[in-house]
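>>> My questions are about this predicted structure, shown below with the sequence.
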Amino acid sequence: MPVKGDVFWIQFKRVTPPDDSETYDRRPVVVLRASGENVMVGMITTKDYTERGAVKITPEDYAVRGTREIHYFRPDRVTTDHADWLEEFVGRLKPSKINECIEAVCSLLKS
């Protein structure tokens with residue numbers, strides 16, 4: 001069962017206007033909250049979005065496993081999904097880093 005701070009790969013559904021065609025993108029996400037079968041996740045990317053409030057995640061920010069790349073958590077790209085949609089486990093962020101990600105979401109909502 002996923003816990004707050006876990007990073008997984010997930011399939012994101014993208015609907016493209018004008019014909020509403022559907023495509024899927026495989027992306028890494030960080031679990032912000034896990035409650036039963038539902039998880040609130042936020043997208044992470046290798047593109048630097050820090051000027052838009054993204055949180056930089058370095059390899060040193062992982063408490064368990066992780067990646068060798070620098071990623072950026074995007075507080076403007078948060079969704080709730082079923083835990084079964086989570087695919088491959090990547091790692092687990094340190095508590096200080098996941099708290100920074102959650103604070104970025106809260107700050108965005110307050111603005």
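That came through fine.
>>> any idea how far stretch 48-59 is from the chain center?
12 Å (C-alpha atoms, centre = their mean, to the nearest Å).
>>> again, but for stretch 40-50
So, by C-alpha atoms, centre = their mean, the centroid of stretch 40-50 is 6 Å from its chain's centroid.
>>> what does stretch 1-9 give?
Remark: stretch 1-9 is offset 9 Å from the chain centroid, using C-alpha atoms, centre = their mean.
>>> now do stretch 9-26
Between the centre of stretch 9-26 and the centre of its host chain there is 17 Å, according to C-alpha atoms, centre = their mean.
>>> repeat for stretch 82-96
Its chain's C-alpha centre and that of stretch 82-96 lie 8 Å apart, by C-alpha atoms, centre = their mean.
>>> Can you mark which positions in that stretch are buried?
Within stretch 82-96, the residues that qualify as buried are Ala83, Leu86, Val90, Gly91, Arg92, Leu93, Lys94, counting by 16 or more other C-beta atoms under 10 Å. Yep, even glycine has a C-beta here, placed from its N, CA and C like the rest.
>>> tell me which of those is nearest to Asp20?
Proximity to Asp20 was ranked across these by C-beta to C-beta; first place goes to Leu86, at 25.9 Å.
>>> Please tell me how far the closest residue to Val55 other than its chain neighbours sits from Val30.
Spatial nearest neighbour of Val55, excluding adjacent residues (C-beta to C-beta, 6 or more residues apart in numbering): Phe73 at 4.2 Å. Per C-beta to C-beta, to the nearest Å, Phe73 is found 6 Å from Val30.
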